[in-house]
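[1] Sequence plus the predicted model coming up.
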2 protein chains.
Amino acid sequence: MSAQQSRSATAFAPATVSNVACGFDVLGFAVAALGDQVTATVTDRPGISIRILDGAESSIPLEPRSNTAGVAAATLLEGAGDRVRGRGLELAIRKGIPPGSGLGSSAASAVAAVVAGNAALGLGIDAPRLLAFALEGERIASGGVLHGDNVAPCLFGGLVVVRSLDPLDVVPIPVPKGLCCALVRPHIEIRTSESRALLGSTIPLSTAVVQWANVAGLVAGLFRGDWDLISRSLGDVVAEPVRGPQVPAFREMKQAALDGGALGSSLSGSGPTVFALCRGAETAERVASAMQRALLAHAGIAGDCYVSAVGGEGARLVETPAPPTPLSRGADRCAS
Amino acid sequence: MSAQQSRSATAFAPATVSNVACGFDVLGFAVAALGDQVTATVTDRPGISIRILDGAESSIPLEPRSNTAGVAAATLLEGAGDRVRGRGLELAIRKGIPPGSGLGSSAASAVAAVVAGNAALGLGIDAPRLLAFALEGERIASGGVLHGDNVAPCLFGGLVVVRSLDPLDVVPIPVPKGLCCALVRPHIEIRTSESRALLGSTIPLSTAVVQWANVAGLVAGLFRGDWDLISRSLGDVVAEPVRGPQVPAFREMKQAALDGGALGSSLSGSGPTVFALCRGAETAERVASAMQRALLAHAGIAGDCYVSAVGGEGARLVETPAPPTPLSRGADRCAS
């Protein structure tokens, strides 16, 4: 690739569902239905500048040091050292993932920024190092706590266990054919950093045992393609009891999902988006609609809904900055 | 089977390694190398009586309500109800597993008692209910805390996740061919109930996250047959830091295991037995000897050592009450 060709690059990074009920800070999967795009253009002045395309996202900071994509790209430049001396990046961010939705919005911007920046600068840095750069961006969105369960599935795709961040150890887990995800995003916003503070710093040992028993069951269920075991293991006794009540009509949405035939349901990340895992896209469509109706009926709040295969493709360079077509999105597609 | 034939039955129940580093109270596997045998004989008086064969085990209570096999068998009688009215069981226990060793001694006696009693009385009760009876026996050995990570692999064999006790959910996990276990039992005794009290009732959330990340990694590693992943996941940040220092030369034994090529090493249950998982029986033999030498060199304490495949057969009826031949046992077999 010539220097001329590599002056600009655009990357798409998917939304992600982290925690996945029992796997707090450890489990996450990519959601093909939506994502962020970042176009990185090499500039002749050091540092990062940011533009938000489509203009609507007023809650995204333009100051690079406060923006997850900005911090991630700055860390990339720092990591590249002398190779990028005197040069910088302009990032044009097209948000496909609503900020504060619990769908890995900050992770996706950070990942797209480093993937695009890496290509634009022709650095050829490998994925594990890119992950570390993106994590630095994600860190500012989560109150300083490093957790890779959004960034890793966003970058690599699939459903993964982040066994360790230092040293980095991301373990891909197979996903049974037909495992789908229904998502409903209430039109409210929750900040990960505030939501995390609710959890406290200790948990009962007996609670932790229940949680890791479920993690073991879920991983085994995914390997076996055992739908019942997956279903039985989708419980969260750590974060959901604290965060669930913060989300309007969470209980009713979850119940609607289970009544509709979902394998299990919980908060996506720290919420307010609620996910439900389902066997087959048809069930997922039905469940998404039922959750959306429950949200409206019990909280009087509208919500977008999405249906997606679990564990789609990870971040990638794209030719044009046009947003991908989601499988389904918004009330017009999901409401029955 | 006629009533006459079913008046007496003998069952063998294997030793077990519980916790398996990261899976506190949840993961366990059967150890083919040693086990307990119980002969149950139907009597014409209600209740349980106990005899200890070989006479050496003075620490085993003969009072049925204080004996794990006695409590388990009494729960079996209670569960059978009118079918056993007026009858009782005499249990003759042959301990192959040293009590207080961390090798599931109490679980094995309880399991052997219910398997033998079930056969002797011709009850035909299924394994999940037998497990519940055995758990009641195990409960008195662990200070009232119910945990199934010894009883379940003892009864079913293999390596299992006890995802839940109520309702019962035991998940078998595949074991890669050649996965072996080296065990060294220092000649000291630790009571599970006392050891459990050391742990406290809460743990830091960040510690819990590390633990369930390792549980997820270990289960994935076992499914994949990924030796490196198994090795990386064999960490315990919950129980080992508290219980390890209670075992003389634990640190040195563990280091000797790792230096000798073990995949990982930790306490078997609450100790004092130390286990090391190894790839292949030869490595396990070498590792067992190295651990045994470290125990003697650094604590001046002798120890028995055993080498076994991970996840052998579970409890079963046997024809004669002769103890099985261990793969290797004692200093004469393991010391180099």
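    In hand now; what should we look at?
[2] For chain A, just list every one of the helices.
    A:68-80, A:105-120, A:127-141, A:151-156, A:192-197, A:205-224, A:227-233, A:240-243, A:250-259, A:281-299, A:331-334 (DSSP state H).
[3] Which neighbouring elements make contact with the second one?
    The reference is to helix A:105-120. Counting contacts by 3 or more CB pairs under 8 Å, 6 or more residues apart in numbering or on different chains; DSSP states H and E, helix A:105-120 packs against strand A:8-18, strand A:27-43, helix A:68-80, strand A:88-94, helix A:127-141, helix A:151-156, strand A:316-318. All C-beta atoms are positioned from the backbone trio N, CA, C, and that covers glycine.
[4] can you list the residues that contact the fourth one?
    Applying CB atoms under 8 Å, 6 or more residues apart in numbering or on different chains, the contact partners of strand A:88-94 are A:36-54, A:60, A:69-70, A:73, A:76-77, A:109, A:112-113, A:116-117, A:120-121, A:321, A:323.
[5] give me the low-pLDDT residue ranges for chain A?
    In the predicted model, chain A carries pLDDT under 70 at residues A:1-6, A:55-58, A:190-194, A:320-336.
[6] Show me which residues of it are close to chain B?
    A:22-27, A:161-164, A:169, A:171, A:173, A:199-206, A:208-209, A:211-217, A:219-221, A:223, A:229, A:232-233, A:238 (CB under 8 Å from any CB of the partner chain).
[7] Drop anything exposed from the residues you listed.
    Applying 16 or more other CB atoms under 10 Å in any protein chain shown to those, the neighbour count classes A:22-27, A:161-164, A:169, A:171, A:173, A:199, A:202-203, A:205, A:208-209, A:211-217, A:219-221, A:223, A:229, A:232-233, A:238 as buried.
[8] on that earlier part again, I'd like to know which of the helices of chain A is closest to residue B:316.
    Closest to residue B:316 of these, according to CB to CB: helix A:205-224, at 24.8 Å.
[9] rewinding a little: buried deepest among the helices and strands packed on helix A:105-120, which one?
    Mean neighbour counts were taken over these using mean count of other CB atoms under 10 Å in any protein chain shown, and the top value, a mean of 32, falls to helix A:151-156.
[10] Mind exporting the C-alpha coordinates of it to PDB?
    Extracted C-alpha coordinates of helix A:151-156, given in PDB (Å, rounded to 0.1, in the frame of the first residue of the first chain):
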ATOM      1  CA  VAL A 151     -13.800  -4.200  23.200                       C
ATOM      2  CA  ALA A 152     -12.700  -7.800  22.600                       C
ATOM      3  CA  PRO A 153     -15.900  -9.100  20.900                       C
ATOM      4  CA  CYS A 154     -16.100  -5.800  19.100                       C
ATOM      5  CA  LEU A 155     -12.600  -6.200  17.600                       C
ATOM      6  CA  PHE A 156     -12.600 -10.000  17.100                       C
END
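[11] which other helices and strands contact it?
    Using 3+ CB pairs under 8 Å, 6+ apart, helix A:151-156 is in contact with strand A:8-18, strand A:27-43, helix A:105-120, helix A:127-141, strand A:159-165, strand A:168-173.
[12] I'd like these written out as CSV, with distance to residue B:262 added.
    Output for the helices and strands packed on helix A:151-156, formatted as CSV (distance: least, CB to CB, whole Å):
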stretch, distance to residue B:262
strand A:8-18, 34
strand A:27-43, 28
helix A:105-120, 37
helix A:127-141, 27
strand A:159-165, 19
strand A:168-173, 19
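[13] To residue B:249, which of the ones you listed lies closest?
    strand A:159-165 (28.2 Å).
[14] That closest one pairs with which strands, parallel or anti?
    Paired with strand A:159-165 in the same sheet, following DSSP bridges, are strand A:27-43 (antiparallel), strand A:168-173 (antiparallel).
[15] Between those strands, which one is closest to residue B:178.
    Go through those one by one with CB to CB and the one that ends up closest to residue B:178 is strand A:168-173, at 21.2 Å.
[16] Relative to the whole chain's centre, how far out is that closest one?
    16 Å (CA atoms, centre = their mean, to the nearest Å).
[17] Stretch A:11-24 now?
    Averaged C-alpha coordinates place stretch A:11-24 at 4 Å from its chain's average position (CA atoms, centre = their mean).
[18] and that stretch, C-alpha only, in PDB?
    Output in PDB follows, covering the C-alpha atoms of stretch A:11-24 (Å, rounded to 0.1, in the frame of the first residue of the first chain):
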ATOM      1  CA  ALA A  11     -13.600   1.100   9.800                       C
ATOM      2  CA  PHE A  12     -16.900  -0.400  11.000                       C
ATOM      3  CA  ALA A  13     -17.100  -1.800  14.600                       C
ATOM      4  CA  PRO A  14     -20.200  -3.700  15.800                       C
ATOM      5  CA  ALA A  15     -22.300  -3.200  18.900                       C
ATOM      6  CA  THR A  16     -21.700  -5.700  21.600                       C
ATOM      7  CA  VAL A  17     -23.600  -7.300  24.500                       C
ATOM      8  CA  SER A  18     -21.300  -7.600  27.500                       C
ATOM      9  CA  ASN A  19     -21.800  -9.600  30.700                       C
ATOM     10  CA  VAL A  20     -24.300 -11.900  29.000                       C
ATOM     11  CA  ALA A  21     -26.100 -12.400  32.300                       C
ATOM     12  CA  CYS A  22     -23.600 -14.500  34.400                       C
ATOM     13  CA  GLY A  23     -20.300 -13.300  32.800                       C
ATOM     14  CA  PHE A  24     -19.900  -9.900  34.400                       C
END
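[19] I am finished for the moment; much appreciated.
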